[in-house]
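Enquirer: The sequence isn't on hand, but the structure is:
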Ligand SMILES: NC(=O)C1=CN([C@@H]2O[C@H](COP(=O)(O)OP(=O)(O)OC[C@H]3O[C@@H](n4cnc5c(N)ncnc54)[C@H](O)[C@@H]3O)[C@@H](O)[C@H]2O)C=CC1
Ligand SMILES: O=C(O)CCC(=O)C(=O)O
């Protein structure tokens, strides 16, 4: 029987740059370029739905702890909303709102039939047992049972979550509807309807868009170097696949610190190391420790931020030496850094394009679940690469047409698609 003492995680205050403000300032620029009408602007600037829940979880010590969880549905004009679930102590409602809007723009950029959503729970999964995380995930799913659904809102992994959590979510949701419902969530384990190629899809998309950008800039992969911030799902796969294309990955980092090897880090070895060291590079001897802030300013050709938001700001953008930034993370560059980066002539492949490989293969997973059919890995890779390459070219052409950076061009492409759909569908 659970003890009666109830703890509640304090909701963190937003004591950092606000990603929602960064998202809105880019949205405003693109809306102006498009001459977006006031009605569509007002509908798109705020989310359709914000759900906040308290999830009581019996911890292993028998006490009940209450966690705050969110799901924000930004927009569904293009289809059911889609977006990951984040487990992290820094989750904040404004951050979730920004992440949800980015999902709307991302799905529109790659032209897949989804709207945008995002979820999060304020928790530290690294300090919880698997049993506690399972109870938390099931509690969150139950609380969100009327939000989620294969035709309504389809979650996926994000920071701090992966196939294991998606399996629990699918199972709990299936119980509430009384039927196995694989298409309610993507990023599931392969044995229960996950898609081949989903785990590495976001990192693969980062590699594909990096190579597309390098080709525009006349950079040869085998003569180029890069650093990657974040060595989780996105960062480690991006590093591995870029290295396979000949890019020398001189530095990588995770929450434990930054690691440098001027001759190139052996990425397979680093991944093998973190896999048996609790997901972290701490103690890795194939590279030397360096200052984590300095990693972003390293003298390399390509910078891949693949961890958290707002790591490139007005305070460090002046000192970035890379010629190309490929955003694996969502929102790694704050709007305050944009003019500095543009002034320096650095090309940025923005998050809503660069990391869209994940949601693209999630879409394939959902299609396969609905068909009750499994695609080969080659088919997944070939189709995802085609979608990403087409999206890159479309955004590049738009940036040339309006003479704007790739980030603004990506917002223009996305908002234009959403606005055109509103014109046909009406509804307000
Ligand atoms: N998993 C996915 O399919 C997708 C993820 N993303 C975005 O990519 C980013 C990373 O997500 P995942 O790789 O899935 O998360 P993850 O939880 O697998 O890995 C996060 C990594 O970042 C590191 N990290 C955390 N804070 C850091 C800091 N301050 N400095 C350096 N490293 C730090 C962690 O140690 C870990 O290596 C997030 O912004 C997420 O929203 C975007 C699209 C899809
Ligand atoms: O795979 C998905 O559905 C969404 C992944 C995600 O959360 C993201 O792209 O930021």
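Expert: All right, it came through fine. No experiment lies behind these values; they were computed from the predicted model shown. Ligands and ions are numbered 1, 2, ... in the order given.
Enquirer: For stretch 355-370, which residues meet the burial criterion?
Expert: 355-366, 368-369 (16 or more other CB atoms under 10 Å). From N, CA and C alone the C-beta is placed, and that goes for glycine too.
Enquirer: could I get the residues you listed as JSON lines with distance to ligand 2, pLDDT and secondary structure?
Expert: Formatted as JSON lines, these follow (distance: CB to the nearest ligand atom, whole Å; pLDDT from 0 to 100; DSSP: H, G, I helix; E, B strand; the rest coil):
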{"residue": "355", "distance to ligand 2": "6", "pLDDT": "98", "secondary structure": "coil"}
{"residue": "356", "distance to ligand 2": "7", "pLDDT": "98", "secondary structure": "coil"}
{"residue": "357", "distance to ligand 2": "9", "pLDDT": "98", "secondary structure": "helix"}
{"residue": "358", "distance to ligand 2": "4", "pLDDT": "98", "secondary structure": "helix"}
{"residue": "359", "distance to ligand 2": "4", "pLDDT": "98", "secondary structure": "helix"}
{"residue": "360", "distance to ligand 2": "8", "pLDDT": "98", "secondary structure": "helix"}
{"residue": "361", "distance to ligand 2": "7", "pLDDT": "98", "secondary structure": "helix"}
{"residue": "362", "distance to ligand 2": "3", "pLDDT": "98", "secondary structure": "helix"}
{"residue": "363", "distance to ligand 2": "8", "pLDDT": "98", "secondary structure": "helix"}
{"residue": "364", "distance to ligand 2": "10", "pLDDT": "98", "secondary structure": "helix"}
{"residue": "365", "distance to ligand 2": "8", "pLDDT": "98", "secondary structure": "helix"}
{"residue": "366", "distance to ligand 2": "8", "pLDDT": "98", "secondary structure": "helix"}
{"residue": "368", "distance to ligand 2": "14", "pLDDT": "98", "secondary structure": "helix"}
{"residue": "369", "distance to ligand 2": "13", "pLDDT": "98", "secondary structure": "helix"}
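Enquirer: among those residues, which are in reach of ligand 1?
Expert: The subset of these within reach of ligand 1, by CB under 6 Å from any ligand atom, is 355, 358.
Enquirer: biggest separation within the buried residues of stretch 355-370, which pair?
Expert: Maximum pairwise distance among the buried residues of stretch 355-370 (CB to CB): 22.4 Å, between 355 and 369.
Enquirer: Could I get the contacting residues of residue 304?
Expert: 206, 210, 226-229, 235, 238-239, 242, 325-328 (CB atoms under 8 Å, 6 or more residues apart in numbering).
Enquirer: longest helix of this structure?
Expert: Identified as the longest helix of the chain according to DSSP state H is helix 377-402.
Enquirer: Quick one: buried ones out of the contacts of residue 304?
Expert: By 16+ other CB under 10 Å, the contacts of residue 304 give 206, 210, 226-229, 235, 238-239, 242, 325-328 as buried.
Enquirer: Closest one to residue 262 out of those residues, please.
Expert: Distance to residue 262, by CB to CB, is smallest for residue 227 among those, at 11.6 Å.
Enquirer: so where's this structure shaky on pLDDT?
Expert: Along the chain, the model assigns pLDDT under 70 to residues 1-16.
Enquirer: Quick check: the residue of it nearest ligand 1.
Expert: residue 232 (1.7 Å; CB to the nearest ligand atom).
Enquirer: State the number of residues packed around that residue.
Expert: For residue 232, the tally of surrounding residues (other CB atoms under 10 Å) stands at 20.
Enquirer: What residue, apart from its backbone neighbours, is nearest residue 282 spatially?
Expert: Distances taken as CB to CB, 6 or more residues apart in numbering put residue 256 closest to residue 282, at 3.8 Å, once the chain neighbours are dropped.
Enquirer: Looks like that neighbour contacts residue 281 (just checking).
Expert: Yes: contact between residue 256 and residue 281 holds when scored by CB atoms under 8 Å: they sit 5.7 Å apart.
Enquirer: quick one, which of the two is more surrounded?
Expert: Neighbour count, other CB under 10 Å: between residue 256 and residue 281, residue 281 has more, with 24 against 18.
Enquirer: now that one, what's its secondary structure?
Expert: Taking DSSP: H, G, I helix; E, B strand; the rest coil as the rule, one finds residue 281 in the coil state.
Enquirer: tell me the contacts of the residue of the chain closest to ligand 1?
Expert: Residue 232 neighbours (CB under 8 Å, 6+ apart): 159, 254, 279, 306-307.
Enquirer: got a winner among those for most neighbours?
Expert: Counting by other CB under 10 Å, top hit in the contacts of residue 232: residue 306 with 30 neighbours.
Enquirer: Quick one: residues contacting that one.
Expert: With CB under 8 Å, 6+ apart, residue 306 has these contacts: 203, 206, 228-230, 232, 234-235, 238, 328-329, 332.
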